[in-house]
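Q: Pasting the sequence and the predicted coordinates here, then a few questions.
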Amino acid sequence: MLHSKPPFPDALYSAAQVRDLDARLIAAGTPGFELMQRAAHAAWRAIRRRWPEGRQLTVMAGRGNNAGDGYLIAALARRAGWRVNVLAVGDSDGLAGDARSAYEEAVAAHVDIQPWQQQALAGIVVDALLGTGLTGDVRAPYAAAIEAINEGGLPVVAVDLPSGLCADTGRTLGVAVRADLTVTFIGLKVGLFTGDAPELVGELVFDDLQADAEIIRQTPVSVKRLDTFNLPTLAPRSRVAHKGMFGRVLVVGGDRGFGGAALLATESTLRTGAGMVTLATRPEHISAALTRFPEVMSAGISSANQLLALIEPASVLVVGPGLGQHSWGKSLLSAAANAPLPQ
C-alpha cells in the first residue's frame, strides 16, 4: 500500500530530551495532568482500534507517571463499560503529583485496584510499570511482574515503551515486557528503534499529544530516522539517456570461497544507477555472474596484469568484497591502489 505521508516523525530523542520537552511544554502552559490525560486517551483509542472486540482490561501499574497513564486508561475503560482491574506493583501510597491525581480519578470511576500478589491476569494487559527513567536492571518486584506479563499469553499494550527496555539504547535491562502494541507520546525515543526493540515493541503507535510545534522544533534531537519519505531521491533521467552516460564501475573481488560478496557488490552498483558495470573475479565465478546479471561484463582474472586493461576505462573502482588475503587478492589490490581513480 502506498502512503502519502510518513507514519512517524524523523526526530528521535533520548529519554532526557523527552523529559526536557515535557517540562518545557508544562512551563509553556500545558498542565502536566492535561498531558497525562491526552496520553491516556491516545492509548485507549489505540487499544480499541487494535482489539475492537475487547471488553476486559488488566492494568499493571508502577509508582511513577507511567502508572498515572495506566490509572487514567483504567478509568476510561471502566466508564466505557469494560471489566477493569488495576494491579498495583509496589505501594500505591507512594504515588505523588499527577500520578496521584490519576489514581484518584480511577478510584472515582470505581476501578477495582488491588496490590499485585501474583494474581492471574485477564483480558488485555496494560504495561504501565516502568517508564523512561529506568537506567539499571529491573529489580523486584517489577522483574517478577514483567515475567508474569510475558508468561500470561495475553494481548499486551505498553504505555510509552515496554517496561525494562532502555529508552536510549533499546537494550533489555535484565528483563523487559514483550508487547503486541506500544503507544508512545510527545517524542519518539531512540530505544524504540534500536537494540532489542524490534522483538519487544510490537506495533508502534505515536501521538504527539498536541504538543506545541515550535517547542518541539527547539528541542535538540539525538538522531534522525532514515525513511523512504526523507531519503534524497535521484533526479529523473532523460528519456534518451543510455548506459554510457552514467559512468563505468569496476568491481574487483571474489576469491575462491568468497564469490558471493563480489556478486552482491556488483548487483548493488546496478541498483544504485551505475551505467556500465564490469566484474573482475576468479574465473570459476563467471558462470554464476552471467546467470545472476547478464548485463554485467564479467571477466575472469588470474593476475594483476589482466586487471590493468579493465582499470583503464573505469571511472570508479569498487575493491575488496571477497578479495581475501592470499596472493591473488593482494596483487589485485596493489594494482587497483595505484590507479588514479576514485575507490
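A: Done, it's in.
Q: which is the next helix or strand following the strand or helix carrying residue 19?
A: Element membership for residue 19, per DSSP states H and E: helix 15-27. Using DSSP H and E, the helix or strand that follows helix 15-27 towards the C-terminus is helix 32-50.
Q: Just want the angle from the helix holding residue 19 to helix 32-50.
A: Put simply, helix 15-27 runs at 120 degrees to helix 32-50, going by axes from the mean of the first three to the mean of the last three Cα atoms, to 10 degrees.
Q: got a list of contacts for helix 15-27?
A: 13, 32, 35, 132-133, 167-168, 186-187, 189, 191, 211-212, 215-216, 218-222 (Cβ atoms under 8 Å, 6 or more residues apart in numbering). The C-beta positions use only the backbone N, C-alpha and C, and glycine is treated the same way.
Q: Please apply the same query to stretch 61-71.
A: Stretch 61-71 is contacted from outside by 36, 39-40, 43, 59-60, 86-92, 94-95, 97-103, 105-106, 111, 126, 128-131, 133, 142, 159-160, 163, using Cβ under 8 Å, 6+ apart.
Q: Now, of the residues you listed, which are buried?
A: Among these, those buried by neighbour count (16 or more other Cβ atoms under 10 Å) are 36, 39-40, 43, 59-60, 86-90, 92, 95, 98-103, 105-106, 111, 126, 128-131, 142, 159-160, 163.
Q: Out of the residues you listed, which sit inside strands?
A: The strands, defined by DSSP state E, take in 59, 60, 86, 87, 88, 126, 128, 159 from these.
Q: could you redo these as JSON lines and give each row pLDDT and distance to residue 78?
A: JSON lines is the format used below for these (pLDDT from 0 to 100; distance: Cβ to Cβ, whole Å):
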{"residue": "59", "pLDDT": "98", "distance to residue 78": "10"}
{"residue": "60", "pLDDT": "98", "distance to residue 78": "16"}
{"residue": "86", "pLDDT": "97", "distance to residue 78": "10"}
{"residue": "87", "pLDDT": "97", "distance to residue 78": "15"}
{"residue": "88", "pLDDT": "95", "distance to residue 78": "16"}
{"residue": "126", "pLDDT": "98", "distance to residue 78": "13"}
{"residue": "128", "pLDDT": "97", "distance to residue 78": "15"}
{"residue": "159", "pLDDT": "97", "distance to residue 78": "17"}
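Q: Among these, which one lies nearest to residue 228?
A: residue 159 (29.0 Å; Cβ to Cβ).
Q: circling back: pull out the buried residues from the contacts of helix 15-27.
A: 13, 32, 35, 132, 167-168, 186-187, 189, 191, 211, 216, 219, 221-222.
Q: What residues sit buried inside stretch 265-278?
A: 265, 266, 267, 269, 274, 275, 276, 277, 278.
Q: Compute the first-to-last residue distance for it.
A: One end of stretch 265-278 sits 11 Å from the other (Cα to Cα, to the nearest Å).
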